[in-house]
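Trainee: Sequence and predicted model, in that order:
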Amino acid sequence: MDKKKQFKLGLVINPLAGIGGKTGLKGSDGLKTIEKAFSMGAKKESSYRAEEALLHLKFLKDKFKIITCSGDMGQQSCDRIGLIAYKIVDVNLNNTSRNDTLKAAKIMEKEKVDLILFSGGDGTANDIFSAVSSRIPIIGIPAGVKMHSSVFGNSPNATGSIVSRIINKELK
């Protein structure tokens, strides 16, 4: 990476990831599962896990730019942490879906992000990988129910620490 070029971080949050976990459902796949989880008292938690990771980046904000999605797919978490998004990818705010994730990842590739950070589960990981393959490094904040991929950090805290070290050029 050119030393004068500012690091570009793509951020995607799947707001429904993990919604079925605390209700004993096996994931958040499908509208019926999501509706059932909400009827059982489930709450969206993926953004809070993302914010735990993003806290590691708060004091590095002059060293990178964030490209993220509108609403609860990224922009709201950035706002709560005090990170300003350089570019916002508009998504369907009423009913986010894998199509929004695919769209965001493709736009992030066009924007030449250095890394895509995402909060979700294996489905989100698969969607991002299907959009960008191995052309862009990706790292996941564990937030889903099904967590079998090695793309995830051990915890949101660990993932945030890794990303901050990458931005600081301590890791390559």
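Mentor: Perfect, thanks for sending it.

Trainee: how about residue 67, secondary structure?
Mentor: When classified by DSSP: H, G, I helix; E, B strand; the rest coil, residue 67 comes out as strand.

Trainee: repeat for residue 149
Mentor: Under the three-state scheme (three-state DSSP), the conformation of residue 149 reads as coil.

Trainee: helix or strand right after the helix or strand of the chain with the lowest mean pLDDT?
Mentor: Of all helical and strand segments in the chain, the minimum by mean pLDDT, DSSP states H and E falls on helix 31-39, at a mean of 64. Per DSSP states H and E, the first helix or strand lying C-terminal to helix 31-39 is helix 46-54.

Trainee: Quick check: buried residues in that next one?
Mentor: Of the residues in helix 46-54, 46, 47, 49, 50, 51, 52, 53, 54 count as buried by neighbour count, 16 or more other C-beta atoms under 10 Å. Bear in mind the C-beta positions are built from the backbone N, C-alpha and C, glycine included.

Trainee: Pull the residues that contact it.
Mentor: 11, 13-18, 72, 74, 76-78, 80-81, 83, 117, 119-120, 141-144, 153, 156-157, 159-160, 163 (C-beta atoms under 8 Å, 6 or more residues apart in numbering).

Trainee: now with 7 Å?
Mentor: 13-15, 17-18, 72, 76-77, 80-81, 83, 119-120, 141, 143, 156-157, 159-160, 163 (C-beta atoms under 7 Å, 6 or more residues apart in numbering).

Trainee: Please apply the same query to stretch 108-120.
Mentor: 1, 7-14, 17, 46, 49-50, 67, 87, 105, 124, 128, 132, 135-141, 143-144, 163, 166.

Trainee: Can you select the buried ones from these in PyMOL?
Mentor: Selecting only the buried entries of the contacts of stretch 108-120 in PyMOL, with 16+ other C-beta under 10 Å as the criterion:
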select buried, resi 7+8+9+10+11+12+13+14+17+46+49+50+67+105+124+128+132+136+138+139+140+141+143+144+163+166
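
Trainee: Show me the contacts of stretch 108-120 that map onto helices.
Mentor: Among those, the members found in helices (DSSP state H) are 46, 49, 50, 105, 124, 128, 132, 163, 166.

Trainee: Low-confidence ranges, the protein, go.
Mentor: The chain contains residues with pLDDT under 70 at 1-4, 18, 20-31, 33-42, 44, 145-146.

Trainee: Nearest the middle, which residue of it would you pick?
Mentor: The residue lying closest to the centre of the chain (C-alpha atoms, centre = their mean) is residue 118, at 2.1 Å.
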